[in-house]
Structures are given as structure tokens and as C-alpha cells.
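Engineer: no FASTA, just this:
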């Protein structure tokens, strides 16, 4: 019966068939167009802006590398770059250490594991603005931790990192690690749960102690988790903007600026679009330098596997 | 099981367990402390904040700071609290979440069950959108929104969040649908079902778990966003995160820390409630979305 139906409809079916065959492409089309225009196109556009004279308004008079030269001559940019290295390095290592420790502790057949896990992870549901606001209050030199410790009987205690240009970037590390280490814990815990128990049992039969088993068998086998955690954390660090804005506003002065806050300041509040575009391109370059090796190794691993 | 635990509790292992529990609880307290401090501060009077301790319970609970944060706190010259910005956020977050998830579902469906030559390459092309630092699109987008007449509008924010959310939503649905056997779709095609019928009758009924994950992820991302909000909106149109930041950084003669904290909790409330209600799906989205993105 179906054959007859198809036979009867044949003349009209061919155009319908063509439409049907093209349907997946038509459905995917708008997204691809968006991606081409608003991701790839805009990257090119920003790249072009970075080679022009643009200041308050875009101006398409080409000036070569002048904006990059003024970016690299800008002390504030180098403070932001140095801060990114300090913040990124500490943020990634603290999150990894705390996340791994918590995951190993939680993997010891803990009662109420679910509740503890939820507590470690809830900061991930918060906006960085909320986190920044909360820590700004806690780290407030007048009324926050400093006064709390003094009240506890240490009248000489000072903790003024928030207003100390030498130390302000470290407050961003404190708040950032508080927000993100629970998430790293979740990644590691999933990795630990995926390890084959029989290897550990065999090592125990051979008389290996638990710390030794962790150090030489379990932690090395978490290598892929380490890798993706580092990539994700590095990515968060490079894009960090909200947390700095809420916690220190980049200050005191511009002592806690990061490239993202630098770009916002020059591109949108100080009317130096060219410099802003140049700094955005530098940020993109940094992300590419981090992500491309990951993509490459991922592809190589999946080909081998 | 209880007996077993008791039998162990005399040996050196029990000391080890006590240390493990002790550490875990200590860290849990550290994670909870900022939330506690925020809540406690928000219901204290300014006098108590100045004279008391950061971590003490409030002597007298007062919700004045909450009503001020909601209805009459000043950000700059505007003294109408955060309520307008809260509803602004609701107004653009919900459409952006629904639209980006819907398109993402269709994309994922095409990229797994209606693959064509080159579709995998297109997916890779699309994925780049997960990785770029958004700073690199801000200046052109600001100008484009101006040309389209969408600068500083709710529609503009919906548009931006949909465009830059698509890579993630597509990734979610694609990774979920990839485990559906292609035979199921082939069988339905032989029976004469078309693209949309198969989606509606077969794929959609299988999708609730990934829809929940995707909704929660998108909602959290977009509600918590600050960058697009601060760049593409101003004044009354600003989302709650931007308004909160303005409120906290407005310099006034008397700094009202209790109002700041109440405002922060109000801004955090929707995503926190979502986390408490559907934490399982939240974590799933976090790991699924970030292992790749």
C-alpha cells in the first residue's frame, strides 16, 4: 500500500524530497550564520579596529601597529598582565589543591556526602558580583576580619589587603578560589569514582599503604581530569571581569586590574576604542594559546582511543 | 552497618576518620561563612554592625534593610531600589533561556541524527563560540545593536544572550542525542515520518533530562551575567547584577552595609533557589558544559 501511495505522489514528491533533504541544513543555517557573523566576523572587526585610529568613535583610518605600541607602552596594561599571571597561577593552583583534597576526603565513604558536596558547590550558583560584594564586606579593613581578629584578643592584627595596592590582587584570589574550588572537587570526585577498584585492591594485597596508593596510582590516573580542570580554570581566569569589578573595582588605583577590566575601561569608559580593541585581541591570543594545545591533545587522544 | 562502625571505632582507624570528618566539616563551615555573614549582616541595624562582631548573630532581627534594598535604596540619583532591575532581569533572562534552548535542541538533533557531509566540521566551527573571551566581540556588538535600534533594550539583551548561548545549548543537546541509536530514526523515516514529526514524537519525549540541565545552565549563566549587562544597557534598563554593583559602589555619606548585603542576597536568590531545588541537574550541567567548554 505504501508503494502505491509513493508511486501516486511521485511527481510532487521530488520537490518535497529536495526540501526534506535540505531541511537539516535549513534548521542549522541561522545558528551558523550567527556564528559566522557575530563570532568570526566580530573577531575580524575587532582586529580591524585595533589597527585604526579609533578613539571615541570607530574611525577606519589605518595606522598600523600604533594602538598596539601605545598598549605596550601603557604601564596599566603591564600591571594587568602581571596581575593575570599572579591571579591565574594562584587561582588555578589553589583550586586544584583544595578540589583534589576535598574529593579524596569525600571519597572515603563519608556519611552525609551529599550535603557536604552541596555545600562545597553552592558558590558556583552565585554571580561573581554577589561573591565580590560578600567578600568586599568580609575583607573590609574597618569592620571585617581585621576587627574580628582584634576582638578575639590580637589588637595589633592588620589585614588591609583590600586597600593595599601591593596586596589587592590577592583578595581576588581568595574570593575566586572560594567560588570555584568546589567545582574542581566535583570534577575530581567524578574522576575518582571512575577508577577501577580492582587495581587498588591488588595494591593493598601487595602491602602498599593508602597514601602511597593515592600518590603513585590514583592521582596519576586522574591526569585527564587535571588537564581539563587546568584548562577550565585558566579560561575562567583570563575572562575574569565581574569579580574584580565587584571586589576592588580594579583598585586601589589600578593595582588589581586584569586584562578584562583594562579592556572595559579603555574600550567603553575612557574612549580609547583602538587601545581597547588591541587589548581584546591580546586576550583572544592568550585564550588561543591555552585552548589550542588542549584541542590538539584531545583530538590526538580520541584518534588513539 | 552500625555494629560494624562501632566495632571499628576503637582502633587507630577511627582517629583517621575523625580527622577526615573534622577537615570536611571545617571546610564546609568556611564555605558557609560568607553566606552566614551576609544573612546576619542584612538583618542587623547599622549600630549593631558598627559595635558588634562580624560573625555574631543579630541581637534584634529587622528586615528594614531588605525593604530598602528592594524598594528605596539609591544607586546614583535614582532611589527606587533593586525591584525594577530584578524584574528587568526576569524579563530578558526567561526569553533568552527558552529561545537559546529551543534552537540548541534543533541544532543538536540535526548534528546527531540528520548528519550531512561537513556537519561535524560545522559543529567544530560552532564550538569556538564557547571559548572566545567575549571582550573580543563587545565593541562591534555595541555598534551593531545601535544600528539595529536595539541598544539599551530588553530585546537587545535577549538577542546577545541567545547568540552567545547557542554554542553551549547546541553542545548540550548534541552530546545528549549522540547516544540515541540512529536505527530508531531510520525506522521512523521508513514509516514515512519527517524531520519535525520524528523530533516531536520520538526525540522530544526522550529529552526532559537534558532540557532541565540546559535550562538551569542557561538561566544561571544569563542571570549572573555582568559583562553584557554593563556594556549593553544603562540606567533603568540594567539587569540586577549591574544594579547591585552600582549600589555597593555608590559613595554615600553613611555606608549601609546591611542594605548592600540584603541586595546581594536578593540578586542571588533565584539561582540559589534553583540550586537547592534542582542541584543534581545543576551539577550535571556544570560538568557536562565545562569539561568541553
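Structural biologist: Perfect, I can see it now. Quick caveat: nothing in here was measured; it's all calculated off a predicted structure.

Engineer: Those residues of the stretch 151-300 of chain A touching chain B, which are they?
Structural biologist: Contact residues (C-beta under 8 Å from any C-beta of the partner chain) of the stretch 151-300 of chain A with chain B: A:151, A:178, A:182-183, A:186-187, A:190, A:228, A:232, A:235, A:238-239, A:241-242, A:245-246, A:249, A:259-260, A:263-264, A:267-268, A:273, A:276-277, A:279-281, A:283-284, A:287, A:291. C-beta coordinates here come from the backbone N, C-alpha and C atoms, glycine included.

Engineer: Which among those residues count as buried?
Structural biologist: Of all these considered here, the ones buried according to neighbour count by 16 or more other C-beta atoms under 10 Å in any protein chain shown are A:178, A:182-183, A:186-187, A:228, A:232, A:235, A:238-239, A:241-242, A:245-246, A:249, A:259-260, A:263-264, A:267-268, A:273, A:276-277, A:279-281, A:283-284, A:287, A:291.

Engineer: which residues does the most centrally placed residue in chain B contact?
Structural biologist: The centre of chain B sits closest to residue B:220, judged by C-alpha atoms, centre = their mean, with a distance of 0.9 Å. Residue B:220 is in contact with A:125, B:271, B:274, B:282, counting by C-beta atoms under 8 Å, 6 or more residues apart in numbering or on different chains.

Engineer: Closest to residue A:57 out of the residues you listed?
Structural biologist: The shortest distance between residue A:57 and any of these, using C-beta to C-beta, involves residue B:271 and amounts to 37.1 Å.

Engineer: ok but the closest one is inside a strand, no?
Structural biologist: No. Remark: residue B:271 does not belong to a strand; assigned using DSSP: H, G, I helix; E, B strand; the rest coil, it is helix.

Engineer: So it versus chain A, what's the distance?
Structural biologist: For residue B:271, the distance to chain A under the criterion C-beta to the nearest C-beta, to the nearest Å works out to 5 Å.

Engineer: Surely residue B:177 touches residue B:110?
Structural biologist: No. With contact defined as C-beta atoms under 8 Å, residue B:177 does not reach residue B:110; the gap is 9.4 Å.

Engineer: quick one, which of the two is more surrounded?
Structural biologist: For residue B:177 versus residue B:110, neighbours defined as other C-beta atoms under 10 Å in any protein chain shown are more numerous around residue B:110 (28 against 21).

Engineer: Please, which helix or strand holds the residue nearest to the more buried one when sequence neighbours are not counted?
Structural biologist: Spatially, and ignoring its direct neighbours in sequence, residue B:110 is nearest to residue A:24 (4.4 Å; C-beta to C-beta, 6 or more residues apart in numbering or on different chains). Assigned by DSSP states H and E, residue A:24 falls within helix A:10-34.

Engineer: what helices or strands is the next helix or strand after that helix leaning on?
Structural biologist: Proceeding N to C from helix A:10-34, the next assigned helix or strand is helix A:42-49, under DSSP H and E. Other helices and strands packing on helix A:42-49, by 3 or more C-beta pairs under 8 Å, 6 or more residues apart in numbering or on different chains; DSSP states H and E, are helix A:273-304, helix B:135-147.

Engineer: Is there proximity between the following helix or strand past the last one and chain A?
Structural biologist: So the one you mean is helix B:135-147. On the C-terminal side of helix B:135-147, the nearest following helix or strand under DSSP H and E is helix B:154-177. Yes. Helix B:154-177 comes into contact with chain A when judged by C-beta under 8 Å from any C-beta, the residues involved being B:163, B:164, B:166, B:167, B:170.

Engineer: Quick one: the strands in chain B, in order.
Structural biologist: When secondary structure is read from DSSP state E, chain B shows no strands.

Engineer: Low-confidence stretches in the stretch 151-293 of chain B?
Structural biologist: Across the stretch 151-293 of chain B, the stretches falling below the confidence threshold (pLDDT under 70) are B:253, B:287-293.

Engineer: show me what contacts residue 35?
Structural biologist: Went with chain A since none was named. With contacts taken as C-beta under 8 Å, 6+ apart, residue A:35 has the following neighbours: B:125, B:126, B:128, B:129, B:166, B:167.

Engineer: not quite, I wanted chain B
Structural biologist: With the criterion set at C-beta under 8 Å, 6+ apart, residue B:35 makes contact with A:122, A:134.

Engineer: For stretch B:52-59, give the mean pLDDT please.
Structural biologist: Over the span of stretch B:52-59, the pLDDT mean works out to 82.
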